[in-house]
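Peer 1: What would the 3D arrangement of this be:
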Amino acid sequence: MRGHVGLSAAGASLRRLLGGLDLARGDHTETVFLAGSGRSGTTWLSGLVNHDSGYRQVFEPFHPGKVEDFRGFGSKQYLRPGDRREEFLEPARKAVTGQLRSGWTDRGGALVARRRLVKDIRANLLLGWLAENFPGMPIVLLMRHPCAVVSSRLALGWRDNLDEAMGQGDLVEDHLLPVEERIRAARDPFERHLFLWCIDNHVPLRQFSPGAIHLCFYENLVLDPEPELRRLFAFVGRDFDDGVLGKLGRPSLTSRWGERPSVDGWRSRVSGERLEGAVEVLGLFGLDRVYGAGPMPDTAGALDLMGAETRG
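Peer 2: This is a model prediction of the structure:
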């Protein structure tokens, strides 16, 4: 038994040191890219997708403060899909083709892997650009009620980077002109984080038609996980394994004080007046068709919003 524990510890140490042996290095189509706003449950979901350590795990490579290759990226970077600048393409290529090695990103997974899972909370505004430049790579967008996301960020003392987002002329011109004045007038921390959530989800929903990326909803994963996970696994091209269901109740390593997944825990932290104001802000983007005063998403509403950029 001791030998088995020692061997497991040695394997974990080796994974941490080397990030796993990547047999599909150079092929971005062997990467699953999981994106979502910070505090939306991406770490938890990545653990479910990789519950059997079948993927090499690449943790948040687009973090400019942690990964040297991404120093030239902003923390809320937007790039137009047709942008071909190598200063951005080269580091992204390294991340999605298995060539990036970093003490921050190499978080284990398979010791010997043929596929990799990239998880990032800073890439929502890059998804259209990634899809254009790395075609055939499955992209998953996780959404969670904005009040849950915002209240969690504020409880952790997160500062917003709304000014950085609004300082990008291309982003404002392409997606935010109708609401620019209202966003720039925001001063309240809750509202500023709420606008960030709206931008984070408004942009990819406009850029992709239904089916081009996979939408996954945190609340559905909590309350009715099996069909949600079956759809997700089918999209990324792996067989569904009942073993994942045993991992559902476990909090992620980044959860707040070990909180277990919950659909409406945020309600005690958000007043009725605050909620009413949040729904009004969501309506500015049409996102009130996805989330409203209740805790559950309207998946049909999200699908209806998709592809607005390509439609016109």
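
Peer 1: Isn't Arg267 up against Pro295?
Peer 2: Yes: the criterion here is Cβ atoms under 8 Å, and Arg267 meets it with Pro295 at 7.3 Å. Glycine gets a C-beta too; all of them are placed from N, C-alpha and C.

Peer 1: so what's the nearest residue to Pro297 once chain neighbours are set aside up against?
Peer 2: Leaving aside its chain neighbours, Pro297 sits nearest to Phe217 (4.6 Å; criterion: Cβ to Cβ, 6 or more residues apart in numbering). Phe217 makes contact with Leu142, Met143, Arg144, Glu228, Pro297, Thr299, according to Cβ atoms under 8 Å, 6 or more residues apart in numbering.

Peer 1: which among those residues gets closest to Leu100?
Peer 2: Leu142 (21.9 Å; Cβ to Cβ).

Peer 1: what secondary structure does the residue lying closest to Ala308 once chain neighbours are set aside sit in?
Peer 2: Counting by Cβ to Cβ, 6+ apart, Arg206 is the residue found nearest to Ala308 once chain neighbours are left out, at 4.5 Å. Three-state assignment for Arg206 (DSSP: H, G, I helix; E, B strand; the rest coil): helix.

Peer 1: Partner strands of the helix or strand harbouring Phe33, with direction?
Peer 2: According to DSSP states H and E, Phe33 maps onto strand 31-36. According to DSSP bridges, strand 31-36 has the following sheet partners: strand 116-120 (parallel), strand 139-143 (parallel).

Peer 1: next structured bit after it?
Peer 2: helix 42-49.

Peer 1: So which elements touch that following helix?
Peer 2: Where contact means 3 or more Cβ pairs under 8 Å, 6 or more residues apart in numbering; DSSP states H and E, helix 42-49 is packed against strand 31-36, strand 116-120, strand 139-143, helix 218-223, helix 225-236.

Peer 1: any idea of the mean pLDDT in the second one?
Peer 2: Translated: strand 116-120. Computed over strand 116-120, the mean pLDDT rounds to 96.

Peer 1: So what touches it?
Peer 2: Taking Cβ under 8 Å, 6+ apart as the rule, strand 116-120 contacts 22, 24, 30-35, 42-43, 46, 49-50, 55-63, 95-96, 98, 109.

Peer 1: What angle do helix 225-236 and the strand holding Phe33 make with each other?
Peer 2: 130 degrees (axes from the mean of the first three to the mean of the last three Cα atoms, to 10 degrees).

Peer 1: how far is strand 31-36 from where the chain is centred?
Peer 2: In terms of Cα atoms, centre = their mean, to the nearest Å, the centre of strand 31-36 is set 7 Å apart from its chain centre.

Peer 1: Which residues does the host helix or strand of Glu132 contact?
Peer 2: Taking DSSP H and E as the definition, one finds Glu132 inside helix 127-133. Helix 127-133 has contacts (Cβ under 8 Å, 6+ apart) with 33, 35, 79-84, 88-89, 92, 96, 123, 137, 139, 141, 203-204, 207-208, 212-213.

Peer 1: Tell me the gap between that helix and the middle of its chain.
Peer 2: On Cα atoms, centre = their mean, the centre of helix 127-133 falls 15 Å from the chain's centre.

Peer 1: what ranges do the strands span in the stretch 1-150 of the chain?
Peer 2: Applying DSSP state E, counting those that start in this stretch to the stretch 1-150 of the chain gives strands spanning 21-22, 31-36, 56-59, 106-109, 112-113, 116-120, 139-143.

Peer 1: Would you convert these into TSV that also reports distance to Gly72?
Peer 2: Formatted as TSV, the strands of the stretch 1-150 of the chain follow (distance: least, Cβ to Cβ, whole Å):
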stretch	distance to Gly72
strand 21-22	24
strand 31-36	20
strand 56-59	19
strand 106-109	21
strand 112-113	28
strand 116-120	16
strand 139-143	22
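
Peer 1: a markdown table please, covering the ones you listed and showing distance to Val281 and mean neighbour count.
Peer 2: Output for the strands of the stretch 1-150 of the chain, formatted as a markdown table (distance: least, Cβ to Cβ, whole Å; neighbours: other Cβ atoms under 10 Å):
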| stretch | distance to Val281 | mean neighbour count |
| --- | --- | --- |
| strand 21-22 | 42 | 19 |
| strand 31-36 | 19 | 26 |
| strand 56-59 | 31 | 27 |
| strand 106-109 | 34 | 21 |
| strand 112-113 | 41 | 17 |
| strand 116-120 | 25 | 26 |
| strand 139-143 | 16 | 24 |
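
Peer 1: Among these, single out whichever gets nearest to Phe235.
Peer 2: It's strand 139-143; of those, that one is closest to Phe235 (Cβ to Cβ) at 7.1 Å.

Peer 1: can I assume Asp200 sits in a helix?
Peer 2: Yes: using three-state DSSP, the assignment for Asp200 is a helix.

Peer 1: Any idea how many residues pack against it?
Peer 2: 26 (other Cβ atoms under 10 Å).

Peer 1: I'm done for today, thanks for sticking with me.
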